[in-house]
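Engineer: Fold the following and give me the result.
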Amino acid sequence: MLNWIGAAIILLSGGLAGLYQAQQFATRPRQIRELIQALQRLETEISYGFTPLPQALERIGKAMKDPLSSLLKCAADGMKPGQGWSVEESFAYALDSYWKQTSMKSAEREVVRQLSIVLGTSDRQDQMKHIALAASQLKHEEAAAREDQAKYEKMSKSLGLLISALIVILIF
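Structural biologist: Now for the predicted structure:
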């Protein structure tokens, strides 16, 4: 009886691990798209709203879903007068604090990090160009993420269950 319960637990845990990995493949393109939308909103805030960067990031963060919302709010908090961090330092801290909660990979993180270096250090037109460049790079990453999702999402689900079934067979 205990053998069957153990086998069921192994099958359940393997199946859940496969579902979790499949969810990561499905979530990544959506989060990249949300990040692109946040950059487009930031571009609008800079070009038309003349909003200071911390306020713009705070406003955009309120409109986003977690974990991107938390990331943007954390970056905005670091730039407020009490903290006094630069844009790059604020984003570095926010990325270190919240990036692991996202499904995105290091390529998207590097795009955000590169953008944080130039934000707030140049004129409005130059910042808009850099934001547009970052959005275009993220669109390429989104396309790659969609390809990965199409290739690996279903396989991850099946593989988790099959590996757990193999373990059960080897144990018995």
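Engineer: so Ser90 touches Lys73, yeah?
Structural biologist: No - with contact defined as Cβ atoms under 8 Å, Ser90 does not count as touching Lys73 (10.7 Å). All C-beta atoms are positioned from the backbone trio N, CA, C, and that covers glycine.
Engineer: Which one's more surrounded, the two?
Structural biologist: Legend: neighbour count by other Cβ atoms under 10 Å for Ser90 and Lys73, higher for Ser90 (25 against 20).
Engineer: Show me what counts as buried in the helix or strand harbouring that one.
Structural biologist: Ser90 belongs to helix 87-98 when elements are defined using DSSP states H and E. Residues 87-88, 90-95, 98 are the ones in helix 87-98 that count as buried (16 or more other Cβ atoms under 10 Å).
Engineer: Same question for stretch 111-131.
Structural biologist: The neighbour-count check on stretch 111-131 (16+ other Cβ under 10 Å) flags 111-112, 115-116, 118-120, 127-128, 130-131 as buried.
Engineer: so the closest residue to Ala76 other than its chain neighbours is in which element?
Structural biologist: Spatially, and ignoring its direct neighbours in sequence, Ala76 is nearest to Leu57 (3.8 Å; Cβ to Cβ, 6 or more residues apart in numbering). Leu57 is located in helix 53-63, with elements delineated by DSSP H and E.
Engineer: Can you tell me how far the closest residue to Gly61 other than its chain neighbours is from Val168?
Structural biologist: By the measure of Cβ to Cβ, 6+ apart, the closest residue to Gly61 outside its immediate chain neighbours is Leu72, 3.4 Å from it. Distance of Leu72 to Val168, given as Cβ to Cβ, to the nearest Å: 45 Å.
Engineer: Quick check on those two: which one has the bigger neighbour count.
Structural biologist: Counted by other Cβ under 10 Å, Leu72 and Val168 do not tie: Leu72 has more neighbours, with 26 against 18.
Engineer: check contacts around the more buried one.
Structural biologist: 38, 57-58, 60-61, 64, 94 (Cβ atoms under 8 Å, 6 or more residues apart in numbering).
Engineer: What helix or strand is Met155 located in?
Structural biologist: Counting by DSSP H and E, the element that carries Met155 is helix 124-171.
Engineer: looking just at contacts, which helices and strands does that helix meet?
Structural biologist: helix 2-44, helix 106-118 (3 or more Cβ pairs under 8 Å, 6 or more residues apart in numbering; DSSP states H and E).
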